[in-house]
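> Structure for this input, please:
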Amino acid sequence: MTNQIQPTILKTKITLPVPKDSSVLRSRLLDTLNAGSKGRLTIVTAPAGFGKTTLLTQWADSNSLPCVWLSLDEMDNDTVRFWRYILHAIASVLPQLNREHIYNLERALSGSSIYSFLDSLINELFASSKEIAILIDDYHIINDAHIHDSITYFIHYLPSTIHMIISSRKELPFSTAKWTVQNEVSSIDMEQLQFTLDEAELFYTNVNELELSHQQIGKLHEQTGGWAAGLQLVTLSIRSKTDYDHFIQEFNGDHRNVSDFLFQEVMSGLPDELYTFLLDSSVLSRMNAPITDAITNRSNSRDMLEMIKQLNLFIIPLDDQNSWFRYHHLFAQFLQGMFKKNSPEGWLRANRMASECLASYGFMDEAIHHALEAQDFDLTQRYLAQNLPNVLRQGEHKTLLLWFQRIPDKTLLTPEMSLLYAFVLLLNSDFLEADRLLEKVEQESSSIDEPSRKGQLQSGILFVRANLMFLNGDFKKWLKFVEGIRDRILPENAVFYNYNYNLSEPLVRRTPLGLKGVLSADTDTIGRMFNEILESHGWTQSLINLYVKQSLCEGYYEWNELDKSRKLLNEVERNTLQMPVPGLFIPLVIMQARFHIVDQNFDLAHERIRDAIQSTSEAHWLRLLHAFQIRLYLLEGRLIQAKKEAEKLGLTAEAYPAFNQEYANIALVRLLGKQRKEAEALRLLERMKPQAAREQLISSLVEISALQSLLEYQRGLKDKATQHIHEALMLGEQNRYVRSFLDDGADMKAVLMHYLKVKQHEPSMFPSSEVTENYVHQLVASFPKEIMSQKQHKEELAEPLNRNEINLLRLLNQGATNKQMAEELALSPGTVRVYLSRLYEKLGVSSRTQALLAAQNLKLLE
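Modelled structure (predicted):
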């Protein structure tokens, strides 16, 4: 993945605002923030206009700590979008290497649960060990409970090097009590943010150079209640007055009344051109000169923005180049209220122009927002249809749902858009509403006279309804339903067929489309029937057809139905030659290499993986290929090469295994097992297992349990090995797994035979056993007659032992000390240590005991 800011990321949202020159340095509050930065979380809470953003920008500007900034808006009520912005914000302050790792996590956002993504992000923050402050502004805008839960989880597991600061107009909607008890939370509230009399005096006399008496300042301070926006409004209003005392007496009351009065005062004193410009541009949440020119029908927006900046008129620069700006939220709300009240038609027209202008710049999210504000639902639907594939690709399903929900009258939707809406509801797991909407579209389609359009709609309905039944898990109903539509046409809209279902996994069976490893006769029948229908209607090369076919190929391989699997693999390869989709290409390559291994042709397997590495540029997919290469070397017994390959992944047994690195970590576990480092390997698996369970990834749970069994058996703990293999077999039998056991060779066969023995002689170990002996017998019978021949054992050493090393091994077996070895071989003790070190490296071990165990397994002492 590129390490550049993606086009879908608005850089102004993650750029720290420039501190204002015309602001009082609030040392007492900066000290509070500095003290709080030693803990986990600082909360800044106050209504609008109390200077929360100004304070945070002052602190970030004066602090040596790298600061990450995110300014929130209403569209951030999408868990994937919210964390994508935080991800990019964090990456912007990290060194290049760590930055690339962070960007590679983006694919995990839509490919797994949010908590697995957060585990990976937290691990990367631990790994970088860089101190960072993450500042999130305007959190009150967020109302999505899933985001509240995820931010709580994130804060709870943050490394000590990371400090969070959250500003909000309201109390945070999640509990901070557990961190408060631990003295990990500090807070700044409205009362603290209120300007003191001394600060007010500095603001009026030093910063704004107003000639006010101490008494007048005291009265203004009392009237505004130390409200920062009120102080600023007074400054703007009073400049045109001659009688300060009369002006000060004219307003009173709470800050809302004061703001209305003062905003009117400020606006009434402005030139007509500037007044009109402010109203017209108020529709924009952020602006630059070209965009503002376009929506205000003028050519001097740059000058107008500069004039507003010079007047200090509640405008906030969003970048260092003074190109992008936004109005203070309170001022924007006031302007928008005036605009809507004084010119309702003008408000709609300005939003329509903003929508079209922003769309021309490619800012489609904002274009849709303004089309909705303009109540132009034809324009909304046009831009929705245009932007929907991109948003789907990013996994921001909630954003799409929110847009559709903002259309007040769903009868305004065309039947085609209603169908897409039903598809979006489906992706958001709102199955009941999707079903209701499909019924509505069915009724509407019956009254359409145009045969082509009617046919497309009806086929689209059938397609979405089929998916609805499939995702509901009602496979029997799906089969019955789909039999009735075999000969019907399919929808032409490519959105339904070219959604990329795999952004991160080495095998399609691990994805939701592949049912995360679930296999059954029903899923097999459905997959084959689905392929047949798609291909009969010309969608042979569509992504969904190829993904389903690849998933079936992997399923047949797991069932050990190798001829069927090979046939499908060849079909996928023929249709993906011109399709550079890594999510399809990498699983295809891995399966091709697997078949070369089955055929005992390791050279061809290596060649296929090497070719794929040469043609792959993205770091994530390269890691998967290198992880497979580790497995391949281990199957050949080439331990040293496997170890060197593992070094490329940068993984260690000590690091906490992130879920998005599971495939690579499994390869590391296998390497550790061959190095007789069972304890380290088992510790990794113990940490990985709950993650796989949380993701409900059946294939991983089987592999992890099987590896736990192999490792326990290897170190002689057969009871534990039996318990773990029982877990693997329970899931395996439910899904008819075969190759997950066969591919682990003679060691797995020994474990399974021991399991059968225990089952026959100690049935009490499994009082409610869900594993049949017949299934285990079938597995054992499926192993090749000769597994790991003597010739293969001898090949397990990548580099043969020399005479001195063989003699050292013989003496080790006799229990000789280093001194005794030196005397026996006429060597110095130092030379013996060097030779032993080389011997250990060749055997892939780190101790005498491990060396003797490895020698025994390799039959080197015979």
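> contacts, neighbours, all on C-alpha from now
OK.
> C-alpha coordinates for the helix ranked longest in the chain, PDB please?
For the chain, the longest helix by residue count, based on DSSP state H, is helix 451-471. Extracted C-alpha coordinates of helix 451-471, given in PDB (Å, rounded to 0.1, in the frame of the first residue of the first chain):
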ATOM      1  CA  PRO A 451     -39.500  -4.500 -20.600                       C
ATOM      2  CA  SER A 452     -35.700  -4.000 -20.300                       C
ATOM      3  CA  ARG A 453     -35.900  -1.800 -17.200                       C
ATOM      4  CA  LYS A 454     -38.500  -4.100 -15.600                       C
ATOM      5  CA  GLY A 455     -36.400  -7.200 -16.300                       C
ATOM      6  CA  GLN A 456     -33.300  -5.600 -14.800                       C
ATOM      7  CA  LEU A 457     -35.200  -4.500 -11.700                       C
ATOM      8  CA  GLN A 458     -36.700  -7.900 -11.100                       C
ATOM      9  CA  SER A 459     -33.400  -9.700 -11.600                       C
ATOM     10  CA  GLY A 460     -31.800  -7.300  -9.200                       C
ATOM     11  CA  ILE A 461     -34.500  -8.000  -6.600                       C
ATOM     12  CA  LEU A 462     -33.900 -11.700  -7.100                       C
ATOM     13  CA  PHE A 463     -30.100 -11.300  -6.700                       C
ATOM     14  CA  VAL A 464     -30.400  -9.200  -3.500                       C
ATOM     15  CA  ARG A 465     -33.000 -11.500  -2.000                       C
ATOM     16  CA  ALA A 466     -30.800 -14.500  -2.700                       C
ATOM     17  CA  ASN A 467     -28.000 -12.800  -0.800                       C
ATOM     18  CA  LEU A 468     -30.400 -11.900   2.000                       C
ATOM     19  CA  MET A 469     -31.300 -15.600   2.500                       C
ATOM     20  CA  PHE A 470     -27.700 -16.700   2.200                       C
ATOM     21  CA  LEU A 471     -26.500 -14.200   4.800                       C
END
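> Now the nearest residue to residue 188 once chain neighbours are set aside: phi and psi?
Using Cα to Cα, 6 or more residues apart in numbering and skipping residues adjacent in sequence, the residue nearest residue 188 is residue 44, 4.7 Å away. Summarising the backbone geometry of residue 44 under the convention degrees, to the nearest 10, its torsions are phi -120, psi 110.
> and residue 44, how many neighbours does it have?
For residue 44, the neighbour count with other Cα atoms under 10 Å is 26.
> Dead centre of this protein: give me the residue that sits there.
Computing the C-alpha centroid of the chain and ranking residues by Cα atoms, centre = their mean puts residue 109 first, at 2.0 Å.
> contacting residues around that one?
With contacts defined as Cα atoms under 8 Å, 6 or more residues apart in numbering, the neighbours of residue 109 are 80, 83, 84, 117, 395.
> any idea which of those is closest to residue 219?
Using Cα to Cα, residue 83 is the member of the contacts of residue 109 that lies nearest residue 219, at 45.8 Å.
> Just after the helix or strand encompassing the closest one, pick out the following helix or strand.
Counting by DSSP states H and E, the secondary-structure element that holds residue 83 is helix 79-91. If you walk from helix 79-91 toward the C-terminus, the next helix or strand you reach (DSSP H and E) is helix 96-104.
> Any buried residues in that next one, and which?
When neighbours are counted by 16 or more other Cα atoms under 10 Å, the buried residues of helix 96-104 are found to be 98, 99, 100, 101, 102, 103, 104.
> From residue 66, how far out is residue 92?
Residue 92 sits at a distance of 10 Å from residue 66 (criterion: Cα to Cα, to the nearest Å).
> Then residue 281?
Counting by Cα to Cα, the gap from residue 281 to residue 66 is 33 Å.
> same deal with residue 183?
Plainly put, residue 183 is 23 Å away from residue 66 if you go by Cα to Cα.
> In terms of neighbours, single out the busier of these two.
Each of residue 183 and residue 66 has its neighbours counted (other Cα under 10 Å); residue 66 has more, 17 against 13.
> My read is that that one contacts residue 131, right?
Yes - with contact defined as Cα atoms under 8 Å, residue 66 counts as touching residue 131 (7.2 Å).
> Point out where the stretch 651-800 of the chain drops to low pLDDT.
Low-confidence segments of the stretch 651-800 of the chain, defined by pLDDT under 70: 767-769, 786-798.
> And the stretch 1-150 of the chain, by the same measure?
For the stretch 1-150 of the chain, applying pLDDT under 70 flags the ranges 1-8, 21-22, 108, 110-112.
> Which residue ranges of it form helices?
Shown for the stretch 1-150 of the chain, the helices assigned by DSSP state H, counting those that start in this stretch span residues 27-36, 52-62, 79-91, 96-104, 106-111, 114-128, 145-156.
> Likewise for the stretch 501-650 of the chain?
521-536, 543-558, 562-575, 582-598, 602-614, 619-636, 639-649.
> Against residue 329, how distant is the residue nearest to residue 188?
When Cα to Cα is applied, the distance between residue 44 and residue 329 equals 17 Å.
> Residue 699 now?
Taking Cα to Cα as the measure, residue 699 and residue 329 are separated by 50 Å.
> Any idea how many residues pack against the closest residue to residue 681 other than its chain neighbours?
Closest residue to residue 681 in three dimensions, ignoring its sequence neighbours and counting by Cα to Cα, 6+ apart: residue 669, at 4.8 Å. Residue crowding around residue 669 was assessed by other Cα under 10 Å; the count is 26.
> cool, and residue 521?
Other residues near residue 521 come to 10 when the count uses other Cα under 10 Å.
> next one: residue 516
When neighbours are counted by other Cα under 10 Å, residue 516 registers 18.
> same deal with the one 3 residues further on?
Around residue 519 sit 23 other residues, with neighbours defined as other Cα under 10 Å.
> how far away is the closest residue to it other than its chain neighbours from residue 529?
With Cα to Cα, 6+ apart as the criterion, residue 519 has its nearest non-adjacent residue at 4.8 Å, and that residue is residue 735. Residue 735 sits at a distance of 20 Å from residue 529 (criterion: Cα to Cα).
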